[in-house]
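Novice: Fold the stuff below for me.
(one chain, ligands or ions: 2)
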Amino acid sequence: MLFKNEVIPLQMPDAEVIYYPSFFSQLETDQLYQDLLQTIAWQQDDITLFGKTVPQPRLTALYANNNKPYSYSGIDMYPKHFNPTLLKIKNKVEDETEHTFTSCLCNLYRNGQDSNGWHSDNEKELGERPIIASVSFGAERIFHFKHRRDSSLKQKLILNHGSLLIMKGDTQKHWLHQLPKTKKDIGNRINLTFRIIY
Ligand SMILES: O=C(O)CCC(=O)C(=O)O
Ligand SMILES: [Fe+2]
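Specialist: Ligands and ions are numbered 1, 2, ... in the order given. As a prediction, this is how the structure comes out:
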């Protein structure tokens, strides 16, 4: 395959972001996508932002090899133990990144109206310079970055079926990211963010 194993470091000041458009083979990607759709315990949570409680615009699940909870946007999530599909993906991601992850926050975007608003993953339990390995399956979606202080600094990319995006170093400190809604008539997208929760 033409672009297999391509590694693209994004040109972003104050950040370390690397994109692998086809981290998994086509066949493996299709199989993993189906497995994840069926085996992850997808749940719908409410989030509280600025005192208002609304359903989160996506389904989520938390998996880990420990019992440490993860809290964001007023939600406390308690992990289930990694299942075989997640362990397979985790092992491949760990071989590439040379980091060992404890936890995985899973997102299911059911259609173009599901989204993930501007944020950075800078919760205390992720440590000083979080490393996040983000794997995507299913519908392609656009992913945006913007610098916290310099509004001229922006970046966007399409996250492919079977891709890996690594965010590390000072990325979370200096940049925000989002997965915007789209009017396109698209179906499910699954995103897994492997993290180290201390
Ligand atoms: O769905 C994505 O690609 C991003 C997910 C994300 O930013 C997060 O879960 O913190
Ligand atoms: Fe994030």
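
Novice: got the residues of the chain near ligand 1?
Specialist: Leu105, Asn107, Asn116, Asp121, Ser134, Ser136, Phe143, Leu159, His177, Leu179, Asn191, Thr193 (C-beta under 6 Å from any ligand atom). All C-beta spots, glycine's among them, are computed from the backbone N, C-alpha and C.

Novice: Wasn't the first one part of a strand?
Specialist: Yes. Assessed by DSSP: H, G, I helix; E, B strand; the rest coil, Leu105 belongs to a strand.

Novice: burial of it, as a residue count?
Specialist: Using other C-beta atoms under 10 Å, Leu105 is surrounded by 22 other residues.

Novice: Against Lys92, how distant is it?
Specialist: The spacing between Leu105 and Lys92, counted by C-beta to C-beta, to the nearest Å, is 18 Å.

Novice: In this protein, what residue comes closest to ligand 1?
Specialist: Nearest residue of the chain to ligand 1, counting by C-beta to the nearest ligand atom: Asn191, 3.3 Å away.

Novice: which residues does that residue contact?
Specialist: Shown in contact with Asn191 (C-beta atoms under 8 Å, 6 or more residues apart in numbering): Cys106, Asn107, Tyr109, Ser134, Val135, Ser136, Phe137, Leu159, Leu179.

Novice: one more time with 6 Å, if that's ok
Specialist: When contacts are counted by C-beta atoms under 6 Å, 6 or more residues apart in numbering, Asn191 is found next to Asn107, Ser136.

Novice: what sits opposite it in the beta ladder?
Specialist: Asn191 has the following beta-bridge partners by DSSP bridges: Asn107, Ser136.

Novice: Pull up the per-residue confidence for it.
Specialist: Asn191 carries a pLDDT value of 98.
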